[in-house]
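Asks: just need the structure, nothing else, for what follows:
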Amino acid sequence: MLNINMEYKSGILFVRLIGSLNKLTANKLVDTLIPIIISQGIKNLVYNFDELVSIDEVGSKSLLLGYNAILNNNGRVLVVNNKFNLEFYKETNNELSALKILQI
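Replies: Okay, here's the model as predicted:
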């Protein structure tokens with residue numbers, strides 16, 4: 001099961017993932033997140049893994065789809081608590097520091 005909590009604040013989309021991101025739940029993230037990034041022109045994204053329990057290869061690839069959509073908008077992506085040691089992502093300690101880093 002995967003719950004997705006999204007909050008848009010100060011030009012940054014915060015995506016808090018709760019549960020497991022795997023081949024059974026990855027489509028939920030992609031179907032929810034990608035249309036928002038594209039339609040709203042989101043440039044800054046923060047993935048928060050504090051409550052993410054597990055991730056598999058399919059889940060990791062779904063995160064990359066969001067990452068690539070942000071890069072296509074000339075934006076930046078940060079990860080809070082990259083406890084799964086996923087590559088490509090710049091890390092930060094918490095959402096407050098992410099807010100400070102990404103604010104223009």
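
Asks: ok, longest strand in this structure?
Replies: Using DSSP state E to define each element, the chain has its longest strand at strand 44-55.

Asks: show me what that one packs onto, helices and strands only.
Replies: Secondary-structure packing of strand 44-55 (3 or more CB pairs under 8 Å, 6 or more residues apart in numbering; DSSP states H and E): strand 12-21, helix 57-72, strand 76-80, helix 95-102. (C-beta placed from N, C-alpha, C; glycine too.)

Asks: columns distance to residue 27 on top of the ones you listed, output as JSON lines?
Replies: Listed next are the helices and strands packed on strand 44-55 as JSON lines, based on distance: least, CB to CB, whole Å:
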{"stretch": "strand 12-21", "distance to residue 27": "11"}
{"stretch": "helix 57-72", "distance to residue 27": "8"}
{"stretch": "strand 76-80", "distance to residue 27": "20"}
{"stretch": "helix 95-102", "distance to residue 27": "26"}
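
Asks: coming back round to it: what lines up beside the longest strand of the chain in the sheet?
Replies: strand 12-21 (parallel), strand 76-80 (parallel) (DSSP bridges).

Asks: and for the helix or strand immediately after the longest one in the chain, what are the contacting residues?
Replies: Later in the chain than strand 12-21, the nearest helix or strand by DSSP states H and E is helix 26-40. Surrounding helix 26-40, the residues in contact under the criterion CB atoms under 8 Å, 6 or more residues apart in numbering are 2, 4, 6, 8, 13, 15, 17, 21, 42, 45, 58-59, 61-63, 65-66, 69-70, 73.

Asks: thinking again about what came up before, can you add mean neighbour count and distance to residue 33 and give the helices and strands packed on strand 44-55 back as a markdown table?
Replies: Listed next are the helices and strands packed on strand 44-55 as a markdown table, based on neighbours: other CB atoms under 10 Å; distance: least, CB to CB, whole Å:
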| stretch | mean neighbour count | distance to residue 33 |
| --- | --- | --- |
| strand 12-21 | 20 | 6 |
| helix 57-72 | 17 | 5 |
| strand 76-80 | 21 | 12 |
| helix 95-102 | 16 | 17 |
